[in-house]
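[1] turn this into a model:
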Amino acid sequence: MAKKVVIGMSGGVDSSVAAYLLKKQGYDVVGVTMQIWQDEEIAVQEENGGCCGLSAVDDARRVAQKLDIPYYVMNFKKEFKENVIDYFIREYLEARTPNPCIACNRYVKWEALLKRSLEIGADYIATGHYARIKKLPNGRFTLQQSAALAKDQTYALYNLTQEQLSHTLMPAGEYTKEEIRKIAEEAGIPVANKPDSQEICFVQDNDYAKYIENTTGQKLPEGNFVDLEGNVLGKHKGIIHYTIGQRKGLGLAMGRPVFVVDIRKDTNEVVIGDNADVFAKGLIADKVNFMSIPSLEGEMRVRAKVRYNHRGADCTIRMIGEDKMECIFDEPQRAITPGQAVVFYEEDYVVGGACIICSIHPDNPSIT
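    Here you go, the predicted structure:
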């Protein structure tokens, strides 16, 4: 009897081809689109589109019909609001820069979808992510970077559990984007040339601050821009408008390029410095999730990525508490940002990852 797999279908080419490949491999495939939009008007949903809007449902349904697989829309609005939107707003208000896609992957696309899928008798869930799942000789499951390194999505998936990985298939990880589109064209899949979705799906125009203010009904107070010595340089619009390393949109006439190097919630200050001040030697992180290893004893040499498009840098990691770790880079890294993930690699396998608490600036202890 064929193994049953529920595949999350976004209406895009990656998940559509993943469904096609799984059916071709002999799986009993069921397509599902996760309804995550809250109570926006229909017009707003259609305008936004994104990975889970109304247009996504229409496209996914057409693909499912073409592939002759059952298709359903599942309501995950509650899970999405609690685990993604509320978290997103809370982090910005705490002067941190969240990564909602990581939260969505962990708690909605996997935890909630996997739970429901297992309840209806599925053996696996699947997605169109560019990553590969491997079982190592030590018995643990981990992620291996995609064959399409430029599209690799392992960074955003570091927080998946062993249980989730053991019940997941990611067929797109073995192909490049060009190969995926070619497969779609040859198979007659209707979305073969559909553009990739960009930005955060629930934020219009990429204006995070406006979204937070509209959703919470509160406008954050203005505060001071200060330099590293605490001298006032001007007024900022509210801390949610800024992130570490930002240069544009500061509205400061300094006569030279300046950057956000720290955001202080307690004093409502945004600290400004030169480009050199944005670099840090290391970081402290918590909420640790190991993949390829069960735990970390002593020190370990790895390559770490501090944001999605970071190339990665050699470093040494060690635990400094039950759920807290230190990462020291061989060379200082730019814009290490509280709230973002740091993900560790050994060759092209994910060792694990954690959530950045603060950067380490031995030369500038005034920067947190």
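
[2] residues in contact with Ser146?
    By C-beta atoms under 8 Å, 6 or more residues apart in numbering, the contact set of Ser146 is Tyr130, Ala131, Arg132, Asp152, Gln153, Thr154, Ala172, Gly173. In short, each C-beta sits where N, CA and C put it, glycine included.

[3] quick check: the fourth one touching Ala131?
    Yes: in this structure Asp152 lies within contact range of Ala131 using C-beta atoms under 8 Å: 6.7 Å.

[4] ok, longest helix in the protein?
    Counting residues, the longest helix in the chain under DSSP state H turns out to be helix 54-67.

[5] residue ranges in the stretch 201-350 of the chain under the pLDDT threshold?
    Along the stretch 201-350 of the chain, the model assigns pLDDT under 70 to no residue.

[6] show me where it has its strands.
    223-226, 232-236, 259-264, 269-273, 279-290, 299-305, 313-321, 324-334, 341-346, 349-360 (DSSP state E, counting those that start in this stretch).

[7] out of those, nearest to Asp28?
    For the strands of the stretch 201-350 of the chain, the distance to Asp28 is smallest for strand 349-360, at 29.2 Å, taking C-beta to C-beta.

[8] for the closest one, packing partners?
    Secondary-structure packing of strand 349-360 (3 or more C-beta pairs under 8 Å, 6 or more residues apart in numbering; DSSP states H and E): strand 141-145, strand 279-290, strand 324-334, strand 341-346.

[9] related to what we said a few turns ago, return the most buried member of the strands of the stretch 201-350 of the chain.
    Highest mean neighbour count of those: strand 341-346, a mean of 24 (counted as mean count of other C-beta atoms under 10 Å).

[10] need the overlap of contacts for Asp152 and Ala131.
    In contact with both Asp152 and Ala131: Gln145, Ser146, using C-beta under 8 Å, 6+ apart.

[11] if we can go back for a sec, want to throw the contacts of Ser146 into a markdown table with distance to Ala64, pLDDT and secondary structure?
    Listed next are the contacts of Ser146 as a markdown table, based on distance: C-beta to C-beta, whole Å; pLDDT from 0 to 100; DSSP: H, G, I helix; E, B strand; the rest coil:
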| residue | distance to Ala64 | pLDDT | secondary structure |
| --- | --- | --- | --- |
| Tyr130 | 22 | 96 | coil |
| Ala131 | 23 | 97 | strand |
| Arg132 | 25 | 98 | strand |
| Asp152 | 27 | 95 | coil |
| Gln153 | 23 | 95 | coil |
| Thr154 | 27 | 97 | helix |
| Ala172 | 17 | 96 | helix |
| Gly173 | 22 | 96 | helix |
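
[12] among the residues you listed, which one sits closest to Cys101?
    Checking the contacts of Ser146 one by one against Cys101 (C-beta to C-beta), the nearest turns out to be Gln153, at 8.9 Å.

[13] need the phi and psi values for that closest one.
    Phi and psi for Gln153, reported as degrees, to the nearest 10, are phi -120, psi 20.

[14] give me every residue that touches it.
    Residues counted as contacts of Gln153 (C-beta under 8 Å, 6+ apart) are His129, Tyr130, Ala131, Ser146.

[15] same question, Lys287
    Applying C-beta under 8 Å, 6+ apart to Lys287 gives the contacts Asp323, Ala354, Cys355.

[16] look up how far Asn99 lies from it.
    Shown here: Lys287 relative to Asn99, a distance of 12 Å by C-beta to C-beta, to the nearest Å.

[17] and what of Asp59?
    26 Å.

[18] redo the strands of the stretch 201-350 of the chain as JSON lines? Include distance to Tyr71.
    Shown next, in JSON lines, are the strands of the stretch 201-350 of the chain (distance: least, C-beta to C-beta, whole Å):
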{"stretch": "strand 223-226", "distance to Tyr71": "50"}
{"stretch": "strand 232-236", "distance to Tyr71": "48"}
{"stretch": "strand 259-264", "distance to Tyr71": "44"}
{"stretch": "strand 269-273", "distance to Tyr71": "47"}
{"stretch": "strand 279-290", "distance to Tyr71": "32"}
{"stretch": "strand 299-305", "distance to Tyr71": "35"}
{"stretch": "strand 313-321", "distance to Tyr71": "43"}
{"stretch": "strand 324-334", "distance to Tyr71": "43"}
{"stretch": "strand 341-346", "distance to Tyr71": "32"}
{"stretch": "strand 349-360", "distance to Tyr71": "31"}
